[in-house]
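S.K.: Build me a model from this:
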Amino acid sequence: MVAFLRGLFAMIFLALWGATYTQDVEGGGKEVEDDEDPMEILKQMDTNVDGKLTFQEIFDGIMGGEDGDGDEHASEKEKFKARLQKHFKASDSNGDEGLDDAELKTLIEAFESEEEEL
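M.R.: Predicted structure coming up:
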């Protein structure tokens, strides 16, 4: 359960972020990038449609539908919330409490970097 919740945020964003596919350029193929940019993530999670993601929109979008196993789940949810608060604040470069696409990219990178350290 701990490993699941630890990677949940990064996995969801990575899934939304998309994947890069490369074909052989010499064989007549071309490089195709099928990346979903932060604007796609904004469209999917921006419940008030203001073009920015608030802390609550991100938290609810990731954890809102999670049914838990009692106290253990509540504890992991709180740990995730603390990590999100730390990274959200650091990513919100203009301090308006909403992440635009560039700030969202910074948030994603912060979680990816943290995951690599674990």
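S.K.: Show the average pLDDT along the lengthiest helix in the chain.
M.R.: Selection of the longest helix in the chain by residue count, based on DSSP state H, yields helix 71-91. Mean per-residue pLDDT for helix 71-91: 91.
S.K.: Mind listing what's buried along the next helix or strand after that helix?
M.R.: Later in the chain than helix 71-91, the nearest helix or strand by DSSP states H and E is helix 101-117. By neighbour count on 16 or more other C-beta atoms under 10 Å, the buried set for helix 101-117 is Glu103, Leu104, Lys105, Thr106, Leu107, Ile108, Ala110, Phe111. For glycine as for every other residue, the C-beta is placed from the backbone atoms N, C-alpha and C.
S.K.: related to what we said a few turns ago, buried ones in the longest helix of the chain?
M.R.: For helix 71-91, using 16+ other C-beta under 10 Å, the buried residues are Glu76, Lys77, Phe80, Leu84, His87, Phe88, Ser91.
S.K.: from these, which is closest to Glu97?
M.R.: Phe88 (8.7 Å; C-beta to C-beta).
S.K.: correct me, but that closest one touches Glu57?
M.R.: No - in this structure, Phe88 is not within contact of Glu57 by C-beta atoms under 8 Å, at 10.6 Å.
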